[in-house]
Each structure stands twice: as C-alpha cells, then as structure tokens.
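> Pasting the sequence and the predicted model now:
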Amino acid sequence: MEYIYSAMVLYSAGKEINEANVTSILKAAGVDADAAKVKALIASLEGVDIKEAIASASFAAAPAAAAAPAGGAPAAAAPAAAAEPEEEAVSEEEAAAGLSALFG
C-alpha cells in the first residue's frame, strides 16, 4: 500500500508521478523501494484520471452509512450491510484492472 500512498502524496502535492519521485518518497519514509513494484505502479497509473478515480471510489458512500440514525432497527442495518459487498466487488474489480501488477 505504501507504493500507492506515495503516488497519492505526489498527486496531492501537484507533483509528477514518476519512478524517481515515488522512489524518493518511499526512501524518505524508510521503505526499501522495489524497482519492479515502482515501475508496475507507474505503468498501472498511466492514463488514469486520479481525480475521477477518487471521486468514484466506493468509500465515498461510507459517510452516508455512518450518518444513519442511531435509533434504527438492526433489521434495517442488515440490508445496508448486504449492499456493501456489491459496492466493494465493483471497486475491487476496478482496482484490480489498474493495479493488479503490484500484488501479482
């Protein structure tokens, strides 16, 4: 995950996400950077609109679930929990499409 986090730090700082910058962040964090993983990350992010990916991430739905009234019946909470795995399955597929090389 630290490889992805380094890319997100670069994105947040408005810096170019490239091998040298990712490696620099990892080293600054005390991580022994694996060059193959760094290359895989850069390749998987090629053509990805990070702003759009963040906006469409399934974790954006989590605050809505947390905002549900505390007095709700447990039975009402069960359908929300059942819907959550469907959302996760979609986001896992999307993540696997772009980042599968990192963990393969």
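Nice, thanks for sending it over. Numbers count the residues shown, from 1 in each chain.

> can you pull the contacts of the closest residue to E16 other than its chain neighbours?
Nearest in space to E16, with sequence neighbours left out and distances taken as CB to CB, 6 or more residues apart in numbering, is L10 at 7.1 Å. In short, each C-beta sits where N, CA and C put it, glycine included. By CB atoms under 8 Å, 6 or more residues apart in numbering, L10 lies in contact with E16, I17, N21, V22, I25.

> Is the second one in a helix, a strand, or coil?
Taken by DSSP: H, G, I helix; E, B strand; the rest coil, the conformation at I17 corresponds to coil.

> what's around it, how many residues?
19 (other CB atoms under 10 Å).

> Quick one: residues contacting it.
I17 touches A7, L10, Y11, I42, L45, counting by CB under 8 Å, 6+ apart.

> okay, the third one: pLDDT?
The score at Y11 is 94. That number is its pLDDT.

> Next, the contact list for it, please.
Listed by CB under 8 Å, 6+ apart, the contact partners of Y11 are I17, I50.

> now do 10 Å
I17, L45, I50, K51, A53, I54 (CB atoms under 10 Å, 6 or more residues apart in numbering).

> nearest to A29, of those residues?
I17 (15.8 Å; CB to CB).

> in the helix or strand hosting V38, what's buried?
For V38, the host element (DSSP states H and E) is helix 35-45. Neighbour-count burial for helix 35-45, with 16 or more other CB atoms under 10 Å as criterion, is recorded at K37, V38, A40, L41, I42, S44, L45.

> Tell me how far the first one lies from V31.
Here the criterion is CB to CB, to the nearest Å. By it, K37 lies 10 Å from V31.

> between the two, what contacts are shared?
Joint contacts of K37 and V31 (CB under 10 Å, 6+ apart) are E2, Y3.

> May I ask which two of the buried residues of helix 35-45 are separated the most?
K37 and L45 (12.5 Å).

> Name the residues contacting each of those two.
With CB under 10 Å, 6+ apart, K37 and L45 have common neighbours V22.
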